[in-house]
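*Asks:* this one's structure only:
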């Protein structure tokens, strides 16, 4: 029998604003020294006063560690969740959630997911008896894909790298009516801009490596949720599988959390300025950025994102094909050609040849990941410098690859020749 899930259950609103929580949640002062920043607890094991009687809450650092506990409390507060569990990477968080499903379970996922998630779904989950159905229009056809053995719906909003948005509440209500849980990958926006649990999701996952840590010096993942039963299952796997972050990495990521609201605001403002410049450029075919009025899902951003922010990520298609796209990434002076995102520095990459290279071409192109698609992660530099950088790189890339003649004939000032991928 199908048991519906209550979509209305959520934690009370936090007593303090986001910035206050970011600085103080999970940050006790050291009781012995008065230090306002917690020390790094590098010990792997903890003394016991008698057999099976540890002095405090800790026995062995794979199972728990003061730095990891405090970091988990901090992010749980920012996602307005009851619990959070940290893992050695975002992929480890994904794997643990999928491993919590019984053999023979079925998962429904949006089609345009991160390449690593697609790889796990298609090549690893299948090996332990979990099948995944991909759909490009999950709000429209979710009911058609739910089976008796469907246990999970997986959403990225915005999607990586095409920046499509999903109406989380709509999908959650449809899934919950059939007793199916909903997971939202919130990496592209961070807890500052979007809180999926408040829109009906059951679990929110992050690659902490990106915005939460924000300094490109930690690899880590995290899952946040409210269910006591889910915490018991996932915490068991966290310990049993052992894909846990180090104490030092937890300390670094917790340091990053404290400035998340400041960094996310600046990154979003920078991405907006760059997106507007790209949309006005005659060298650009299409811009994907939910902060633009022209984005087809702008109405969802206004409802789901803090102050309707678009976030720091965007992608665009350049005229001149892959050659121009590759040349653009080589010609930027501030944007660095590199994978990853969400750091203080701005990055550019070619998804078809880098982050999403493992997805077959026909599947990539079906969701808009063409060879001429460039993904940008805008950091916290000055927006004027970033705009100038992308404009000079566009001009030179198109000219040097021979696309200038056709570009010169294009009209784009009012957005007519420039739009979003369907």
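*Replies:* On my side now, so go ahead. These numbers come from a predicted model, not from an experiment. Residues are numbered from 1 along each chain as shown.
*Asks:* quick one: the strands in this protein?
*Replies:* For the chain, applying DSSP state E gives strands covering 48-50, 53-54, 83-87, 106-110, 131-135, 150-156, 181-185, 203-207, 221-225, 284-288, 313-318, 336-337, 347-349, 373-377.
*Asks:* any chance of JSON lines for these, columns mean neighbour count and mean pLDDT?
*Replies:* The way it works is simple: take the backbone N, C-alpha and C, and place the C-beta from them, glycine included. Below are the strands of the chain laid out as JSON lines (neighbours: other Cβ atoms under 10 Å; pLDDT from 0 to 100):
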{"stretch": "strand 48-50", "mean neighbour count": "8", "mean pLDDT": "92"}
{"stretch": "strand 53-54", "mean neighbour count": "11", "mean pLDDT": "91"}
{"stretch": "strand 83-87", "mean neighbour count": "24", "mean pLDDT": "98"}
{"stretch": "strand 106-110", "mean neighbour count": "23", "mean pLDDT": "97"}
{"stretch": "strand 131-135", "mean neighbour count": "17", "mean pLDDT": "96"}
{"stretch": "strand 150-156", "mean neighbour count": "23", "mean pLDDT": "98"}
{"stretch": "strand 181-185", "mean neighbour count": "26", "mean pLDDT": "98"}
{"stretch": "strand 203-207", "mean neighbour count": "28", "mean pLDDT": "98"}
{"stretch": "strand 221-225", "mean neighbour count": "27", "mean pLDDT": "98"}
{"stretch": "strand 284-288", "mean neighbour count": "24", "mean pLDDT": "98"}
{"stretch": "strand 313-318", "mean neighbour count": "27", "mean pLDDT": "98"}
{"stretch": "strand 336-337", "mean neighbour count": "16", "mean pLDDT": "98"}
{"stretch": "strand 347-349", "mean neighbour count": "24", "mean pLDDT": "98"}
{"stretch": "strand 373-377", "mean neighbour count": "27", "mean pLDDT": "98"}
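*Asks:* can you tell which of those strands is closest to residue 273?
*Replies:* With Cβ to Cβ as the measure, strand 313-318 is the member of the strands of the chain nearest residue 273 (10.7 Å).
*Asks:* related to what we said a few turns ago, quick one: the strands of the chain as CSV, columns for distance to residue 6 too.
*Replies:* Output for the strands of the chain, formatted as CSV (distance: least, Cβ to Cβ, whole Å):
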stretch, distance to residue 6
strand 48-50, 42
strand 53-54, 37
strand 83-87, 17
strand 106-110, 20
strand 131-135, 25
strand 150-156, 16
strand 181-185, 12
strand 203-207, 15
strand 221-225, 14
strand 284-288, 34
strand 313-318, 32
strand 336-337, 46
strand 347-349, 40
strand 373-377, 37
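*Asks:* of these, which is nearest residue 235?
*Replies:* Nearest to residue 235, of the strands of the chain and by Cβ to Cβ, is strand 83-87 at 6.1 Å.
*Asks:* residue with max distance from the center of this structure?
*Replies:* The C-alpha centroid of the chain is most remote from residue 50, which lies 44.3 Å away (Cα atoms, centre = their mean).
*Asks:* tell me, how many residues neighbour the closest residue to residue 249 other than its chain neighbours?
*Replies:* Closest residue to residue 249 apart from its sequence neighbours, by Cβ to Cβ, 6 or more residues apart in numbering: residue 218 at 4.8 Å. Using other Cβ atoms under 10 Å, residue 218 is surrounded by 22 other residues.
*Asks:* do you know how far residue 218 is from residue 234?
*Replies:* According to Cβ to Cβ, to the nearest Å, residue 218 stands 21 Å off from residue 234.
*Asks:* kindly report the same for residue 314.
*Replies:* Noted for residue 314: a distance of 32 Å to residue 234, by Cβ to Cβ.
*Asks:* and if you look at residue 283?
*Replies:* Distance from residue 283 to residue 234, by Cβ to Cβ: 47 Å.
*Asks:* equivalent analysis for residue 109, please.
*Replies:* For residue 109, the distance to residue 234 - Cβ to Cβ - is 19 Å.
*Asks:* and what of residue 104?
*Replies:* Residue 104 sits 20 Å away from residue 234, taking Cβ to Cβ as the criterion.
*Asks:* surely residue 310 meets residue 275?
*Replies:* Yes. Applying Cβ atoms under 8 Å, one finds residue 310 in contact with residue 275, separated by 7.1 Å.
*Asks:* which neighbours do the two share?
*Replies:* 289, 291-292 (Cβ atoms under 8 Å, 6 or more residues apart in numbering).
*Asks:* quick one: the helices in the stretch 51-200 of the chain?
*Replies:* Secondary structure of the stretch 51-200 of the chain (DSSP state H, counting those that start in this stretch): helices located at 66-78, 90-99, 115-119, 138-145, 168-176, 190-193.
*Asks:* could you export those helices to TSV, including columns for distance to residue 353, mean neighbour count and mean pLDDT?
*Replies:* Below are the helices of the stretch 51-200 of the chain laid out as TSV (distance: least, Cβ to Cβ, whole Å; neighbours: other Cβ atoms under 10 Å; pLDDT from 0 to 100):
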stretch	distance to residue 353	mean neighbour count	mean pLDDT
helix 66-78	32	23	97
helix 90-99	20	23	97
helix 115-119	11	20	91
helix 138-145	27	15	93
helix 168-176	31	21	97
helix 190-193	26	27	98
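*Asks:* to residue 304, which of those helices lies closest?
*Replies:* Among the helices of the stretch 51-200 of the chain, if distance is taken as Cβ to Cβ, the winner is helix 168-176, at 6.4 Å.
*Asks:* strand 150-156 and that closest one, what's the angle between them?
*Replies:* Taking axes from the mean of the first three to the mean of the last three Cα atoms, to 10 degrees, one finds helix 168-176 and strand 150-156 inclined to each other by 170 degrees.
*Asks:* from the contact counts, what lies against helix 168-176?
*Replies:* Where contact means 3 or more Cβ pairs under 8 Å, 6 or more residues apart in numbering; DSSP states H and E, helix 168-176 is packed against helix 138-145, strand 150-156, strand 181-185.
*Asks:* how about 6 Å then?
*Replies:* Contacts defined by 3 or more Cβ pairs under 6 Å, 6 or more residues apart in numbering; DSSP states H and E place helix 168-176 against helix 138-145.
*Asks:* residues contacting the helix it packs on, please?
*Replies:* 108, 110, 133, 135, 167, 170-171, 174 (Cβ atoms under 6 Å, 6 or more residues apart in numbering).
*Asks:* out of these, the closest to residue 151 would be?
*Replies:* Using Cβ to Cβ, residue 108 is the member of these that lies nearest residue 151, at 9.6 Å.
*Asks:* let me know whether that closest one touches residue 131 as I believe.
*Replies:* No. Look at residue 108 against residue 131 with Cβ atoms under 6 Å: they stay out of range, at 10.1 Å.
*Asks:* that's all I had, so thanks and see you.
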